[in-house]
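Colleague: Sequence plus the predicted model coming up.
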Amino acid sequence: MTGNRAKKEIDNEGIEVRLLLEAIYLKYGYDFRDYASTHIRRRVNHRLAISESPTISDMIHRVLNDPSFFEGLLQDLSINVTHMFRDPPLYRAVREEVVPHLSTYPFIKIWHAGCATGEEVYSFSILFQEEGLKDRSQTYATDFDASILELAMQGIYPVDCVRRYTANYHEAGGKNAFADYYTAMYDSVTMDTSLRKRVLFSLHNLATDSVFGEMNIIFCRNVMIYFNRDLQDRVVKLFLDSLCPGGFLCLGSKESLAFSKYADRFTLVNEKERIYRKRRRKMPMTRGGDPLLASNGTGELKKPRVKGKNA
């Protein structure tokens, strides 16, 4: 009997959480309904513990009637764990395996999806500046939370983090002194304004919004681990449609396309750092099953010659 009662309580909590997410979506348009249930329950229970709400059902009432309470809950549900040059080996891999390809392009479009407070945007801005690509690139940094984007645009971070950021920068293959890229003042540092050049911060929701341009490289790191499988596939398809043929997708080390139904549309560039490249379109085929070959530099397609007595 005790086991049945416990199961009933767990089921009731699940129902309450689903109703809460539905209320958030209908009232404010933020869609957390396909986020991983364990992550959502953990964050909801955290807010429940620090708020004056006795139950999740009471939180639903407050979400609908108290915008300030909702803003606090939104911060709990947002994924804002990031720092400068996070996972330095990824940055080395980008320098060594991706930049040589990008350097052949006349112009580079970059998308940081789910950029949070912007530390990784500035990190890659430093990398592209050091590799001589900054002035022929355009970066789009997006998140669904306007208040978080505002922090990203300011580029102001606690001075206590600088030691860690500096170590990460050098481990990532930094070519200068990290101090060249910020100004320290009292208890914070402000990233150099040159790093914000050619960077556009914009609202975009991976769960609900559509394709974002034709990008040469997309960074979305340690975000999809918080999504369920359906939402992960939606986001991978979104990235697939947003990438140019041959474009790169950089995920977090905890994420993989191995179980995505779109995995065969990518080739693996670096397995450890989860860097992928969108496959180019397959060659059109003739009725006989032979590929159509492009003629010399014209861009036109022609059938291959068939050897035989009439050849």
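Modeller: Everything's here; your move.
Colleague: Please count neighbours and contacts with C-alpha atoms only from this point.
Modeller: Will do.
Colleague: Show me how the record splits this structure into domains.
Modeller: As given by automatic domain parsing, the domain ranges for the chain are 2-77, 88-278.
Colleague: hey, which of those is tucked in deepest?
Modeller: Among these, domain 88-278 has the highest mean neighbour count (mean count of other C-alpha atoms under 10 Å), at a mean of 18.
Colleague: What separates the first and last residues of that domain, distance-wise?
Modeller: 23 Å (C-alpha to C-alpha, to the nearest Å).
Colleague: Mean pLDDT for the domains of the chain - can I get that in CSV?
Modeller: Listed next are the domains of the chain as CSV, based on pLDDT from 0 to 100:
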stretch, mean pLDDT
domain 2-77, 86
domain 88-278, 94
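Colleague: Look at residue 109 and tell me its secondary structure.
Modeller: strand (DSSP: H, G, I helix; E, B strand; the rest coil).
Colleague: Break down the stretch 151-300 of the chain into its helices, ranges please.
Modeller: 162-171, 229-242 (DSSP state H, counting those that start in this stretch).
Colleague: quick one: what helix or strand has residue 128 in it?
Modeller: Using DSSP states H and E, residue 128 sits in helix 119-130.
Colleague: what does that helix contact?
Modeller: With contact meaning C-alpha atoms under 8 Å, 6 or more residues apart in numbering, helix 119-130 is reached by 82-86, 91, 95, 112, 115, 134-135, 141, 152, 155, 174-175, 181, 191, 195-196.
Colleague: could you check the angle helix 162-171 makes with that helix?
Modeller: Here the directions of helix 119-130 and helix 162-171 differ by 40 degrees (axes from the mean of the first three to the mean of the last three C-alpha atoms, to 10 degrees).
Colleague: what's the next secondary structure element after helix 119-130?
Modeller: Downstream of helix 119-130 (by DSSP H and E), the next one is strand 137-143.
Colleague: List the residues that contact residue 82.
Modeller: 116-117, 119-120.
Colleague: That one belongs to a helix, doesn't it?
Modeller: No. Under three-state DSSP, residue 82 falls outside any helix and is assigned coil.
Colleague: when you give positions from now on, start the count at 40
Modeller: Taking 40 as the first residue, the last one we looked at is residue 121.
Colleague: circling back to that earlier point, please tabulate the helices of the stretch 190-339 of the chain in TSV, including the columns distance to residue 247.
Modeller: Listed next are the helices of the stretch 190-339 of the chain as TSV, based on distance: least, C-alpha to C-alpha, whole Å:
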stretch	distance to residue 247
helix 201-210	33
helix 268-281	9
